[in-house]
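>>> Dropping the sequence and predicted coords here.
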Amino acid sequence: MSILLLTSIFLPLAGAILLPARRERARGVALLTALLTLALAVVLVGCYPGGTAPFAKTDYTWLAGSGVPLDVRFSVALDGLSIWLYALTALLTVVAVLISWEAIAEQAPLFYRLLLILETGMLGVFTAQDLFLFYVFFEFTLIPLFFLIGIWGSEERRYAAMKFFLFTLAGSMLTFLGLLAIMLWDFYHPIGTPAPWKMTFSIPELTTRYAARPMDPAMQMWIFLALFVGFAVKVPLVPLHTWLPLAHVQAPAAGSIDLAGVLLKIGAYGFARFSIPLLPAAAAAAMPWILILSVAGILYGALVALAQSDIKKLIAYSSVSHMGFCMAGLFSANRLGIEGGTLQLLSHGLATGGLFALVGMIYERYHTRKIADLGGLARRLPVLGFFMAVMTLSSIGLPGTSGFVGEFLILIGLFQRGWAETLPPDALLRTLSVLAVLGVVLGAWYMLWLYQRVFFGPVREPQGQSHREGDSPIFPDHASMVPEKSGQSPQPPVRDLNLREILALAPLAVLIIWIGVYPRFFLDRLAPTMNQLTAGMRQAETRLERTKDEIRMTKECRISKCRMPEDSTDPRFPPPRPFRHSSFDILSSFGFRPLSFAKPQAAFSPLIPHPSSP
């Protein structure tokens with residue numbers, strides 16, 4: 001299996017190198033390469049046994065020296081977190097090639113080369129088991145997408161490409177510093193005898209070591225902030241999202257599919273792979289703030305989407321809102337929310353990738369994305385309207401679709417976190433859980449309103465476009481020329497989806513329904529890995545809550561100027577819990593002063609003032 005995984009990662013790169021120079025042959029070879037990669041991914045997914053052990057692992061020494069304690073390895077493998085994102089990448093690349101078949105006319109061989117190179121980078125990010133290798137693939141994805149936007153984008157493509165590149169590059173520099181700090185701290189704080197210790201970049205080995213010997217909480221918070229900036233730009237979290245709508249609007253349809261369907265997931269994947277398991281105390285302390293940013297993104301993205309007049313821009317802002325749900329699930333710190341957030345990454349990739357593909361098909365026919373220019377398209381293009389309905393219903397979380405399963409688990413996790421698990425009740429978490437539900441309502445509003453305006457009502461098409469009555473809406477016999485008015489040049493009729501476009505969208509629709517009807521197949525394979533990666537954050541969060549209780553209790557006791565006997569059962573003065581060293585570490589790193597829990601000289605009744613009090 002390791003050979004299959006290695007082949008699937010580098011097969012697109014080999015195809016890009018060997019791509020012919022002619023357009024017709026280039027797109028055929030690109031499609032064949034993408035299909036072979038998808039076939040290998042399907043085999044690996046079908047053989048994946050579940051559990052927490054790495055699957056199809058390949059491990060070779062890459063950078064090492066006899067006199068230098070450096071151990072960088074070329075190590076790739078799959079687990080429950082990466083398996084579905086890896087398969088999603090392979091599938092969406094096939095979709096991107098198919099929808100670009102006729103849309104890309106200029107420099108088509110270069111376009112398909114960049115698309116296949118981008119696929120290798122994305123597959124490598126999700127399979128890398130070494131910090132250095134992960135960062136190489138992480139940066140590698142920027143270059144092809146920069147050129148895809150800058151060469152084949154719309155009017156402001158150069159500005160959009162530059163803004164995308166600068167935002168993501170600046171964030172990734174801080175990510176590199178954070179990953180380097182993780183490796184160096186492990187090197188200078190060895191377990192056992194330090195003599196044979198090496199600077200290891202192995203992600204599984206570092207995760208095991210940090211679980212056995214956690215980092216100092218103050219250092220955790222600094223490294224967490226460095227990683228946070230880079231991953232939050234990728235997600236993107238509000239307010240680091242400003243590059244995304246412009247990049248989506250200006251990118252070609254294939255670029256938008258890869259950007260929304262895969263590249264945004266790299267940010268959430270980074271949080272789940274590095275920030276949460278390696279820095280659990282910092283993740284637990286930052287959890288309320290990240291939940292605030294996530295819910296703010298849910299509401300902001302939904303409200304701004306309601307105001308859009310461009311279909312593509314509306315879907316771009318919907319991505320900001322839906323990625324907020326994914327992040328809220330990951331940082332809900334309970335099993336249901338974490339599994340829901342991870343599954344929602346897959347669901348969002350399928351639905352939003354399909355939506356951007358459909359917008360590209362509409363633009364290819366009408367050369368506009370303005371909502372006001374379109375109407376009643378369900379009569380003209382019934383098959384396109386059907387697929388648009390499936391993607392829209394999944395996006396709003398209709399039961400029976402993948403969007404419902406992910407959002408339902410996330411909301412249960414948030415409500416469980418805010419209303420059942422936190423004692424005393426936390427008003428902030430309760431408020432955030434209710435506001436997240438409002439985001440679902442707003443999502444249904446802007447998506448259904450979009451569908452109603454574009455596909456229902458009177459037929460409204462841009463000037464010069466027509467559809468000849470009697471043509472088969474799916475497979476017309478030939479292209480006829482129908483003039484709109486005397487004196488106008490004839491225009492080809494607008495046709496419904498052809499077989500190639502149906503084949504591009506059908507797998508997305510099937511998977512959306514499959515996840516919605518039988519999510520257990522997907523949850524059973526991701527749950528063991530996610531439970532293992534997030535166990536440390538849940539434990540750190542529990543310790544932090546206990547220590548906050550101790551501080552609150554001590555303050556109340558000092559305010560009352562009373563001391564209590566150890567065996568007191570007065571509910572106003574519950575006995576203090578034993579002070580734990582780990583809780584002290586967590587609090588001291590965030591500015592809390594150490595408190596004295598020294599045993600009093602004598603026991604006093606809670607109703608008798610302490611002698612030291614005035």
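Here it is on my side, so go on. Numbers count the residues shown, from 1 in each chain.

>>> what's the burial count for D426?
Counted with other C-beta atoms under 10 Å, residues neighbouring D426 total 16. Where you see a C-beta, it was placed from the backbone N, CA and C, and this is true even at glycine.

>>> what does L237 give?
By other C-beta under 10 Å, 24 other residues sit near L237.

>>> Could you find the closest non-adjacent residue to it?
In this structure, L237 finds its nearest non-sequential neighbour in L293, 5.0 Å apart by C-beta to C-beta, 6 or more residues apart in numbering.

>>> Also A90?
In space, and not counting its chain neighbours, A90 is closest to A41: 3.9 Å by C-beta to C-beta, 6+ apart.

>>> shouldn't the one you found be in contact with L88?
No: contact criterion C-beta atoms under 8 Å: A41 and L88 do not qualify, at 9.1 Å.

>>> which residues does the residue nearest to L237 contact?
Counting by C-beta atoms under 8 Å, 6 or more residues apart in numbering, L293 touches 232, 237-238, 324, 327.

>>> May I ask which two of these are separated the most?
Taking C-beta to C-beta as the measure, the contacts of L293 span a maximum distance of 11.4 Å, between A232 and G324.

>>> Measure how buried M391 is and give me the count.
26.

>>> mind listing what P519 touches?
Contacts of P519 (C-beta under 8 Å, 6+ apart): 343, 402, 405.

>>> Could you list which of those belong to strands?
The strands, defined by DSSP state E, take in nothing from the contacts of P519.

>>> Distance-wise, check the residue nearest to L508 when sequence neighbours are not counted relative to F386.
What sits nearest to L508 in space, not counting adjacent residues and going by C-beta to C-beta, 6+ apart, is G354, at 4.4 Å. Computed as C-beta to C-beta, to the nearest Å, the G354 to F386 distance reads 12 Å.

>>> Same drill for these two, tell me which one is more crowded.
G354 (28 against 16).

>>> Just to be sure, that one is in a strand?
No: counting by DSSP: H, G, I helix; E, B strand; the rest coil, G354 is not part of a strand but helix.

>>> per-residue pLDDT, it?
Looking at G354, its pLDDT reads 94.

>>> what about the residue nearest to L237, distance to A328?
Note on L293: its distance to A328, by C-beta to C-beta, is 9 Å.

>>> which of the residues in the strand or helix carrying R158 are buried?
According to DSSP states H and E, R158 maps onto helix 157-188. Across helix 157-188, burial judged by 16 or more other C-beta atoms under 10 Å covers 157, 160-161, 163-165, 167-168, 171-172, 174-183, 185-187.

>>> and what of stretch 186-206?
Across stretch 186-206, burial judged by 16+ other C-beta under 10 Å covers 186-187, 197, 199-206.

>>> Distance from that stretch to the middle of the chain?
Its chain's C-alpha centre and that of stretch 186-206 lie 30 Å apart, by C-alpha atoms, centre = their mean, to the nearest Å.

>>> quick one: terminal-to-terminal distance for that stretch?
End-to-end distance of stretch 186-206 (C-alpha to C-alpha, to the nearest Å): 8 Å.

>>> pLDDT averaged over it - what is it?
Averaged across stretch 186-206, pLDDT comes to 76.

>>> what's next to that stretch, contact-wise?
Stretch 186-206 has contacts (C-beta under 8 Å, 6+ apart) with 54, 69-73, 75, 128-134, 182-184, 209-210, 212-213, 215, 273-274, 278.

>>> can you do 7 Å?
The contact list for stretch 186-206 (C-beta atoms under 7 Å, 6 or more residues apart in numbering) reads 54, 69-73, 75, 129-132, 182-183, 209, 212-213, 273, 278.

>>> which of the residues you listed are buried?
Judged by 16+ other C-beta under 10 Å, buried ones among the contacts of stretch 186-206: 54, 70-73, 75, 129-132, 182-183, 209, 273, 278.

>>> Keep only those of these that are in strands.
Checked against DSSP E, the buried ones among the contacts of stretch 186-206 include these in strands: 70-73, 75.

>>> Let me know the closest of the residues you listed to V94.
S75 (27.1 Å).

>>> returning to that earlier point: show me what contacts the residue nearest to L508?
By C-beta under 7 Å, 6+ apart, G354 lies in contact with 387, 391, 505, 508.

>>> can you rerun that using 10 Å?
Neighbouring residues of G354 by C-beta atoms under 10 Å, 6 or more residues apart in numbering: 92, 95, 257, 261, 387-388, 390-392, 394-395, 504-505, 507-509, 511-512.

>>> I'd guessed A357 sits against A504; true?
Yes: at 6.5 Å, A357 counts as touching A504 under the criterion of C-beta atoms under 10 Å.

>>> Report the set of residues contacting both of the two.
By C-beta under 10 Å, 6+ apart, the residues touching both A357 and A504 are 92, 95-96, 98-100, 257, 387.

>>> Got the domain ranges for this protein?
Here the domain parsing of the chain from automatic domain parsing is 1-278, 299-464+495-517, 531-614.

>>> Kindly reformat those domains as TSV containing distance to A286.
As requested, the domains of the chain are exported to TSV (distance: least, C-beta to C-beta, whole Å):
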stretch	distance to A286
domain 1-278	6
domain 299-464+495-517	8
domain 531-614	10
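
>>> Any idea which of the ones you listed gets closest to L523?
With C-beta to C-beta as the yardstick, what comes closest out of those is domain 299-464+495-517 (5.8 Å).
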